[in-house]
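[1] A structural model of the following input is requested.
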Amino acid sequence: MSGKRAPLRFLHCHSTFDAGGKELRSARLINAFGPGITHHIVSGEPGALSARSYILSSIPTQYPEDFPPLSGIPTPVRLHRIADAMRGYDLILTYNWGAMDAVMAHTMFSRSFGLPPLVHHEDGFNDDEAAGLKRSRNWYRRLALGRADALVVPSRGLEAIARNVWLQPADRVHRIANGIATRAFTKQARKDVLPGLIKRNGEFWVGTLAGLRKVKNLPRLVRAFAGLPDNWNLVILGEGPERAAIRDEAIRCNIVHRVHLPGFTEPAKVIRLFDIFALSSDSEQFPLSVVEAMAAGLPVAAPAVGEVAQIVAEANRPYIVAPGDEAALAAALERLAQDPGLRKALGAANRERAQERFDEAGMIAAYSALYGGVMGMESL
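    Predicted coordinates for the structure are as follows:
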């Protein structure tokens with residue numbers, strides 16, 4: 001922190017602030033920027049604030065309960081109320097489609113209200129846009145982003161959408177790859193770190209980190225895993241509305257005793273218990289969970305959605321399969337499960353790539369420069 005304008009006040013408008021990839025990235029950035037900034041955090045889903053536990057107690061944060069709802073019919077009166085609540089901050093940060101009405105409110109009223117700069121972040125799409133973007137939302141994003149100071153995306157795919165579909169000027173779009181504290185993922189995990197679940201000698205785990213949402217298509221992962229030997233278990237870390245559907249699929253496949261849903265746990269504390277990391281999503285952009293698995297020295301089996309194939313080490317790419325090809329995903333898991341030497345070699349290659357390409361130091365520096373720049377500072 002340079003301290004030039006401290007104390008600063010940032011407003012964060014999230015689609016949800018339950019613990020997930022973008023929310024944990026936001027928490028890490030908040031921690032990195034230090035106690036000289038006060039952060040007011042709003043969730044588009046009331047009460048969805050579990051990521052707050054990852055913010056250091058030394059960082060001044062508030063969670064205003066009287067902020068106008070981020071969702072609803074975008075009438076001028078409602079947008080006027082949102083814009084009025086944006087007064088008095090130094091920077092407004094908005095995240096994903098669920099906060100797009102806040103972006104629109106800023107565009108409509110920023111001049112008359114003298115609102116601060118706004119930086120919007122897009123990290124990917126929910127299941128309602130997994131198969132294709134909605135024209136109405138594309139149109140709305142074009143209008144809403146009209147006076148945003150910057151649009152941040154983590155992947156080349158989203159960068160292309162921002163420029164060619166949402167028609168954002170090149171100097172407004174900033175691609176900043178997700179990064180993590182790679183060293184935190186090198187520590188060995190305790191075998192009993194998960195409540196009610198212990199990894200026993202002779203057991204192997206396929207693991208994933210994912211919100212339990214339809215777009216993650218976790219029943220597909222259950223089916224792809226089902227053919228592995230009995231000493232293999234599937235551990236799905238996350239929370240969300242699809243828990244029952246995942247369990248039902250495990251029952252249907254007669255493997256419910258080998259499929260575990262222990263909830264969300266801090267990834268660095270448990271991921272090294274996995275032997276294989278797997279995804280089964282219908283849509284991703286730059287999944288932070290893949291980078292975390294790589295930093296932990298794991299091989300990855302996943303569909304080639306978003307930039308997954310470009311993220312992993314070259315040696316791992318044969319196990320990144322065609323999107324939607326459940327048989328190919330099952331075959332990739334089977335091949336990795338059969339060969340511990342292959343798992344070790346791919347994990348080492350992935351760890352080296354994560355440390356070289358995706359450590360969080362570069363990400364933090366890029367965000368610091370961007371946020372500071374829109375406020376007329378060199379960096380935070």
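
[2] burial of residue 22, as a residue count?
    Residue 22: 21 surrounding residues under other CB atoms under 10 Å. The way it works is simple: take the backbone N, C-alpha and C, and place the C-beta from them, glycine included.

[3] so it makes contact with residue 93?
    No: in this structure, residue 22 is not within contact of residue 93 by CB atoms under 8 Å, at 11.1 Å.

[4] shared neighbours, these two?
    residue 121 (CB atoms under 8 Å, 6 or more residues apart in numbering).

[5] pull the CA atoms of the helix or strand residue 112 falls within into PDB?
    Residue 112 belongs to helix 100-113 when elements are defined using DSSP states H and E. Only the C-alpha atoms of helix 100-113 are listed here, as PDB (Å, rounded to 0.1, in the frame of the first residue of the first chain):
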ATOM      1  CA  MET A 100     -25.200  -6.100 -13.700                       C
ATOM      2  CA  ASP A 101     -28.100  -3.800 -12.500                       C
ATOM      3  CA  ALA A 102     -25.500  -2.100 -10.300                       C
ATOM      4  CA  VAL A 103     -23.400  -1.500 -13.400                       C
ATOM      5  CA  MET A 104     -26.400  -0.100 -15.200                       C
ATOM      6  CA  ALA A 105     -27.300   2.200 -12.300                       C
ATOM      7  CA  HIS A 106     -23.700   3.600 -12.400                       C
ATOM      8  CA  THR A 107     -23.900   4.200 -16.100                       C
ATOM      9  CA  MET A 108     -27.300   6.000 -15.900                       C
ATOM     10  CA  PHE A 109     -26.500   8.200 -12.900                       C
ATOM     11  CA  SER A 110     -22.700   8.400 -12.500                       C
ATOM     12  CA  ARG A 111     -22.500  11.900 -13.900                       C
ATOM     13  CA  SER A 112     -25.500  13.400 -12.100                       C
ATOM     14  CA  PHE A 113     -24.500  11.800  -8.800                       C
END
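
[6] chain center to that helix: distance?
    Centroid separation between helix 100-113 and its chain, computed with CA atoms, centre = their mean, to the nearest Å, is 26 Å.

[7] point out the other helices and strands that it packs with.
    With contacts defined as 3 or more CB pairs under 8 Å, 6 or more residues apart in numbering; DSSP states H and E, helix 100-113 has these neighbours: helix 76-85, strand 91-95, strand 118-121, helix 135-144.

[8] possible to save these as CSV with distance to residue 64?
    What follows is the helices and strands packed on helix 100-113, written out as CSV (distance: least, CB to CB, whole Å):
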stretch, distance to residue 64
helix 76-85, 8
strand 91-95, 13
strand 118-121, 17
helix 135-144, 22
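
[9] which residues of this protein fall in strands?
    Here the chain has its strands, by DSSP state E, at 8-14, 37-43, 61-62, 91-95, 118-121, 150-153, 173-175, 204-209, 232-237, 259-263, 276-278, 300-303, 320-321.

[10] which neighbours does the second one have in its sheet, and in what orientation?
    Translated: strand 37-43. Neighbouring strands of strand 37-43 in its sheet, by DSSP bridges, are strand 8-14 (parallel), strand 61-62 (parallel).

[11] most tightly surrounded among these?
    strand 8-14 (a mean of 24; mean count of other CB atoms under 10 Å).

[12] identify the residues contacting that one?
    22-23, 26, 36-44, 70, 86, 88-96, 98-99, 102, 375, 380.

[13] so the closest residue in space to residue 98 that isn't next to it in sequence versus residue 102, what's the distance?
    The shortest distance from residue 98 to any non-neighbouring residue, by CB to CB, 6 or more residues apart in numbering, is to residue 15 (2.5 Å). Note on residue 15: its distance to residue 102, by CB to CB, to the nearest Å, is 10 Å.

[14] fine, thanks again, bye for now.
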